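K.L.:
Here is a sequence with its predicted model. Questions after.
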Amino acid sequence: MNRIGNELNKLVNRSLDRHVRLAVTGLSRAGKTAFITSLVNQLLHVSTNPRLPLFSAVREGHLLGAKRVPQVDMHVPKFGYDEGMSALLESPPMWPDPTRDVSQTRLALRYKPQKGPMKLLQDTATLYLDIVDYPGEWLLDLPLLEMDYLSWSQQQAKLLKGKRSELAQSWLEVAEGFDPLAPADEALIERLSAVFTEYLYKCKAEGGLHWVQPGRFVLPGELAGAPVLQFFPFVWADKYSEVQLQQADEHSNFGMLKSRYKYYQQHVVKAFYREHFSKFDRQIILVDCLQPLNAGPESFNDMRQALDQLMQSFKYGRSSLLRRLFSPRIDKVLFAATKADHVTPEQHPNLVSLLQQIVNDAWQTASFEGIKMDCVSLSSIQATEPGFVSHQGQQVPALRGHTLSGQAQMLFPGEVPRRLPNDAYWQQYGFDFVNFRPLDIQSDEPLPHIRMDKALEYLLGDKLR
C-alpha cells in the first residue's frame, strides 16, 4: 500500500508539474560533489541570505524557501551533504570527498505560482526536486550495448598507442601467453582482470586520460569484487582466426570472458539506464577543461573523445539505441565548465567558448531532437579571489588563494584558448592550472560561488513560475 501511495503521489505531482529529477554527472574530478553541495546550500539560504541575482524565482521573490525532505527512492544511497559541509567548515577548509556511486537527495521548494492552473488553485505550491549524482564514467559504457565481445576487444586493441600503450605494458606482459581456447580458468581470469583494472586506474591517475571502458571498473560502487567486473578485452585476437574464437564454447577462457562481458551489458549497463537514466527530467554535465589543458594534447583530446562517448546518451532519435530501449525524457541539458574561479575573470568567456567547441556535435544533435542545451562557466564553491599584480609597470589580472598544501599564492594561470587548441598552442602554451583549497566560510552564510544562480535559472527557472 505504501508503494502504491508513493507512486500515486509521484503521478499527482507530475500532473501538476511539481516534481523534477535533476541528474548531475561528469567525469572524475569535474566537481559533482561540490556542485550538489553548493546547489543544496544555495537553495536552503534563499529565505535568509540569498546570493542568487540571476535566479528569477529568487530575484522576483517567488521562491519562498527550501528544506531537505526524506527521499522517496529508499534503495538509493543518500548524498552526503552534511559530510560535505563539515569538510568545508573545517579550519582550514577542505574539499568534500568525492562520491563513487549513485546517490540522491530531495528538496521541497515552496513558491508562489505566477501562471497557469496552479496560480488559480492555490497561493503557494511545492516543487519536489530530486537531485541524483552519478559518475559520468558509467555513461561511457552505452556504446558497449552495440558491440559484441570480439568487436569491443578489437576496438580496445586499436587504442593501445601513446600513453595507453606505455601504461598497459604490465598488463600485457602478465597476460602474455594467455590461451583463449584452453579450459576456463576462473582464478587466472580474476588475476588478469585485476591487472587490467590497475591499467585503467593508471590511465586516469597517471596518464590524465578519461576514456576508460568498462566505466564501472574504475568506479564499481556496490559491484566491487563481483565476477561481473572480472573480464578484460582479448586484444590478441589477430593471432587467431575469427572462426576459432567464435567456436570457443562457454567452458573455454574466451567463452568465460565473452559470457561475463554479455552479463555486464545486460545487468550493469542496461540496468543503469533502465533504473536511473530513463527517469531523469533535467541533466547537468560538469566538465573540467583546465586539468586536460595542463596535462597536454593527448590528455585533452582523450577528454574530448570521452565526452563524445558520453554524449551518445543524449541522442534520442527514433532509430537510436536509447529510444528503442529506454525512452528517455530529458528536455534540458546544461554543460558547465567548472572551476571558473581557477582562471581570471576575463578568461571566463574563453572557457565557455572552448566548451561550446567541445560539445558542438552533441549540441546540433540535441537541437534536432528537440532537447534544449546551453553552456556556462561556473564555480560551485569559490576557492580564489580575483585581483591584479604589477608586472613591468602594468596591472595584470591575477588570482589570490591558498593551494591545497596551504601556501598563499597570487598568480596569473594563463590564457584559456577560445577555440580547440591547435599544434601551435601546444608548442607554446603556458597554461598553469593550480589546485586551490576552498575559501574560508561562515556556517550561517551561503557558500561563495560564481554563476550557480545562472545554472539554477536554466535548470529550474521555468518550473517555479
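P.N.:
Right, received. Where do you want to start? Residues are numbered from 1 along each chain as shown.
K.L.:
Would you map the helices across the stretch 51-200 of the chain?
P.N.:
Secondary structure of the stretch 51-200 of the chain, counting by DSSP state H, counting those that start in this stretch: helices at 56-59, 81-88, 116-121, 149-158, 163-167, 169-175, 186-205.
K.L.:
cool, the stretch 301-450 of the chain as well?
P.N.:
According to DSSP H, counting those that start in this stretch, the stretch 301-450 of the chain carries its helices in the segments 321-325, 348-358, 360-368, 423-428.
K.L.:
how many other residues sit next to Val376?
P.N.:
22 (other C-beta atoms under 10 Å). Bear in mind the C-beta positions are built from the backbone N, C-alpha and C, glycine included.
K.L.:
That one and His62: what is the separation?
P.N.:
Relative to His62, Val376 is positioned 22 Å away (criterion: C-beta to C-beta, to the nearest Å).
K.L.:
One more: Lys463?
P.N.:
Note on Lys463: its distance to His62, by C-beta to C-beta, is 11 Å.
K.L.:
With Phe254 instead?
P.N.:
For Phe254, the distance to His62 - C-beta to C-beta - is 61 Å.
K.L.:
So for these two, which sits in the more crowded spot?
P.N.:
For Phe254 versus His62, the count of surrounding residues by other C-beta under 10 Å is larger for Phe254: 26 against 17.
K.L.:
Now Ile330: phi and psi?
P.N.:
For Ile330, the backbone dihedrals (degrees, to the nearest 10) come out as phi -60, psi 130.
K.L.:
Hmm, Ser278 and it touching each other?
P.N.:
No - using C-beta atoms under 8 Å, Ile330 is not in contact with Ser278, being 9.2 Å away.
K.L.:
Which one of these two is surrounded by more residues?
P.N.:
Higher neighbour count among Ile330 and Ser278: Ile330, with 21 against 15, using other C-beta under 10 Å.
K.L.:
So what's the predicted local confidence for the more buried one?
P.N.:
Looking at Ile330, its pLDDT is 83.
K.L.:
Tell me where the model's unsure across the stretch 251-400 of the chain.
P.N.:
Across the stretch 251-400 of the chain, residues meeting the criterion (pLDDT under 70) sit at 315-326, 365-366, 368.
K.L.:
tell me, how many neighbours does Val132 end up with?
P.N.:
24.
K.L.:
Quick check: the residue of the chain most remote from its centre vs Ser47, distance?
P.N.:
For the chain, the residue at maximal distance from the C-alpha centroid (C-alpha atoms, centre = their mean) is Gly393, at 42.9 Å. Applying C-beta to C-beta, the value for Gly393 to Ser47 is 49 Å.
K.L.:
again, but for Met452
P.N.:
17 Å.
K.L.:
In terms of neighbours, single out the busier of these two.
P.N.:
Met452 (28 against 14).
K.L.:
Quick one: residues contacting that one.
P.N.:
By C-beta atoms under 8 Å, 6 or more residues apart in numbering, the contact set of Met452 is Ser38, Leu39, Gln42, Leu52, Leu378, Ser380.
K.L.:
Repeat that for Cys203.
P.N.:
Lys163, Arg164, Leu167, Leu209, Val212.
K.L.:
For the closest residue to it other than its chain neighbours, grab the count of nearby residues.
P.N.:
Residue nearest to Cys203 in three dimensions, not counting chain neighbours: Leu209, with 4.2 Å by C-beta to C-beta, 6 or more residues apart in numbering. Burial of Leu209 is recorded as 25 neighbouring residues (other C-beta under 10 Å).
K.L.:
Let's verify Leu209: helix, strand, or coil?
P.N.:
With DSSP: H, G, I helix; E, B strand; the rest coil as the basis, Leu209 sits in coil.
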